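Engineer: With the sequence up front, the predicted model follows.
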Amino acid sequence: QVQLQESGPGLVKPSQTLSLTCTVSGGSITTNYYYWAWIRQPPGKGLEWMGAIAYSGSTYYSPSLKSRTSISRDTSKNQFTLQLSSVTPEDTAVYFCARDRLWGSYSEVDYWGKGTLVTVSS
């Protein structure tokens, strides 16, 4: 059973960088052929796929967020990290990490973290 757990600050100031870490247990983030994704859901809105890092280490980003997003990993800790720069209140959302079978969509996610609410406010 794969488990994912998000961690990071729940409050970020506008213009700062949001940083979240996902710790994975029960499976390796280098296992073929999975993608480890970040997905968010703003209050009252739908899910938005943000980006992913593949088993190989390759990264993929949503075109709308690419300029502000960076995803990296630490294979020794079985963790992957999201950084979103220059945040605004519109980036307030519940952020999920997930294991995906494809990149670019959350339709093939088979394991989800519980999600963590990040509020952008001064």
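Structural biologist: Alright, I've got the coordinates.
Engineer: ok, the most centrally placed residue in the chain to Ser122 distance?
Structural biologist: The chain has Trp38 as the residue nearest its centroid, 2.3 Å off, counting by CA atoms, centre = their mean. Trp38 sits 24 Å away from Ser122, going by CB to CB, to the nearest Å. For the C-beta atoms, the positions are set from N, CA and C on the backbone; glycine is no exception.
Engineer: same question, Lys45
Structural biologist: From Lys45 to Ser122 the distance is 22 Å (CB to CB).
Engineer: okay, and for the protein, where does confidence drop off?
Structural biologist: Of all residues in the chain, none has pLDDT under 70.
Engineer: OK, contacts around Asp91?
Structural biologist: 12, 18, 84, 118, 120 (CB atoms under 8 Å, 6 or more residues apart in numbering).
Engineer: So among those residues, which ones count as buried?
Structural biologist: With burial judged by 16 or more other CB atoms under 10 Å, the buried subset of the contacts of Asp91 is 12, 18, 84, 118, 120.
Engineer: May I see those organised as CSV, with distance to Val109 and secondary structure added?
Structural biologist: Listed next are these as CSV, based on distance: CB to CB, whole Å; DSSP: H, G, I helix; E, B strand; the rest coil:
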residue, distance to Val109, secondary structure
Val12, 25, strand
Leu18, 21, strand
Leu84, 20, strand
Val118, 19, strand
Val120, 25, strand
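Engineer: Could I get the phi/psi values of Arg68?
Structural biologist: Arg68 adopts backbone torsions of phi -120, psi 0, taken as degrees, to the nearest 10.
Engineer: Please report the distance of Gly113 from Glu48.
Structural biologist: 15 Å.
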